[in-house]
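K.L.:
Coordinates for the following, if possible.
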Amino acid sequence: MGFAFAAGTTDEPGAFDFTQGDDKGNPFWRMVRNVLKPPHREQMESHYPKPILLDTGEMTKPYEWATTLTLSLVPALNSSLQILCIGQLFILSVPGEFTTMAGRRLRDAVKRHLQSSGNIEMSGEIHIVIAGLGNGYSQYVTTFEEYQAQRYEGASTLFGPHTLSGYIQEFKKLSKSLVLDRPVQPGPQPPDLLDKQVSFLTPVVVDTTPAGDSFGDVISDVPKNLSLKRGNDLVTVVFQSACPRNDLLTEGTFALVERLERDDKTWTPVYDDDDLCLRFKWSRPKKLSSRSEATVEWRGPESASRGVYRITHFGAAKSLFGSVQHFTGSSSVFAVT
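P.N.:
Below you'll find the predicted structure:
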């Protein structure tokens, strides 16, 4: 990572005295860098004109700071790179953020390679799109010229000035295998670092409720006999809750709007916290307190069906001894007209 990486972008500048376009660096930050890991001369020469601020490619504690697999030039193509073909549409899956011009050059190179392959199906109009951040993440990819400028993107290109050329070379290999219907041996797999992850996030100690209350109890309910107008009115419910980090509920939801079915008197989920009309807010009323609240807001859209509704909150609370218990709470019913 170069010095201009720390400068940030024009719309999101970094801190201290870092500036974009810096191809020299300064003595103070070099001294700070060398405390972490001084880059070898070969490393500095291969990344020229980038002045190296963080030598991530050679930093390995507690594990590798940067992937070393993305552009491994081995006989078997690396599994981070991928082409998907759907008729005349070709999707290039890349593990990095391409600049506009770098993306154009990759698309043009692959398109020319496919159309010159001699395959009749490829000789007509084909469409190529780039799917970024697929199968991994290896920072930015710029053109050779953009790399020389050493602005934020060039300074964030991990593999040097010829990174784009490496991608084009490997995607040409994949394109050839695709045209010839030839299987490609999988490349080296990324290491499993789940058991080595370092977190500076303070762990959840314990969740509690006021005496006599339970998790999921309603603190502030919907008004009695509430009749909600679609597309306009907002309904808000506050629940006794617990820290969402106890269970992120990635296969579920923290908040749900349910409609009562008249026929069998069952509740049917209609909106959850994936919908823009429903908002889930978590907070601790007092700092350093073990008590917390969840506020659920729903603005019924115009498309909502008329009927009887309620709002339900799901969560998980941690006890003092570390066990996690899931809970559920629901509001009173209200009408949508």
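K.L.:
Can you list phi and psi of Asp275 for me?
P.N.:
phi -90, psi 140 (degrees, to the nearest 10).
K.L.:
quick one: strands adjacent to the biggest strand by length in the chain?
P.N.:
When the chain is parsed with DSSP state E, its longest strand is strand 307-318. Under the criterion DSSP bridges, strand 307-318 sits next to strand 255-260 (antiparallel), strand 324-330 (antiparallel), strand 334-336 (antiparallel) in its sheet.
K.L.:
List of residues touching the second one?
P.N.:
Just to be clear, that refers to strand 324-330. 214-218, 239-240, 242, 246-247, 258, 310-319 (C-beta atoms under 8 Å, 6 or more residues apart in numbering). The C-beta positions use only the backbone N, C-alpha and C, and glycine is treated the same way.
K.L.:
repeat that with 10 Å
P.N.:
204, 207, 209, 214-219, 221, 237, 239-242, 246-247, 249, 252, 256, 258, 267, 294, 296, 310-319 (C-beta atoms under 10 Å, 6 or more residues apart in numbering).
K.L.:
Output it as CSV, nothing but the C-alphas.
P.N.:
Coordinates of each C-alpha in strand 324-330 appear next as CSV, following Å, rounded to 0.1, in the frame of the first residue of the first chain:
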residue,chain,number,x,y,z
VAL,A,324,-27.6,-17.2,24.9
GLN,A,325,-31.4,-17.5,24.9
HIS,A,326,-33.6,-16.4,22.0
PHE,A,327,-36.8,-14.4,22.7
THR,A,328,-39.8,-13.0,20.8
GLY,A,329,-42.2,-10.2,21.5
SER,A,330,-45.2,-8.8,19.7
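K.L.:
what's the pLDDT at the residue nearest the centre of the chain?
P.N.:
Centroid-nearest residue in the chain: Leu133, 8.7 Å away (criterion: C-alpha atoms, centre = their mean). pLDDT recorded at Leu133 is 89.
K.L.:
Surely it and Val141 touch.
P.N.:
No. Counting by C-beta atoms under 10 Å, Leu133 stays clear of Val141, with 11.4 Å between them.
K.L.:
anything in contact with each of the two?
P.N.:
Val94, Pro95, Gly96, Glu97.
K.L.:
Tell me, how many residues neighbour the residue lying closest to the second one once chain neighbours are set aside?
P.N.:
Spelled out, it's Pro95. Sequence neighbours aside, Gly136 is the residue nearest to Pro95 in space, at 3.6 Å (criterion: C-beta to C-beta, 6 or more residues apart in numbering). Neighbour count of Gly136, defined by other C-beta atoms under 10 Å: 17.
K.L.:
Assumed Gly136 was part of a helix.
P.N.:
No. Under DSSP: H, G, I helix; E, B strand; the rest coil, Gly136 falls outside any helix and is assigned coil.
K.L.:
domain ranges for this structure?
P.N.:
3-196, 218-336 (automatic domain parsing).
K.L.:
Going by mean pLDDT, which of these comes out lowest?
P.N.:
The weakest mean pLDDT among these belongs to domain 3-196, with a mean of 89.
K.L.:
residues in contact with His40?
P.N.:
His40 neighbours (C-beta under 10 Å, 6+ apart): Ser46, Ile52, Asp55, Gly57, Glu58.
K.L.:
any idea which of these is the one closest to Thr10?
P.N.:
Thr10 lies nearest to Ile52 out of the contacts of His40, by C-beta to C-beta, at 22.6 Å.
K.L.:
now the strands for the stretch 101-250 of the chain?
P.N.:
127-131, 140-141, 218-220, 227-228, 234-241 (DSSP state E, counting those that start in this stretch).
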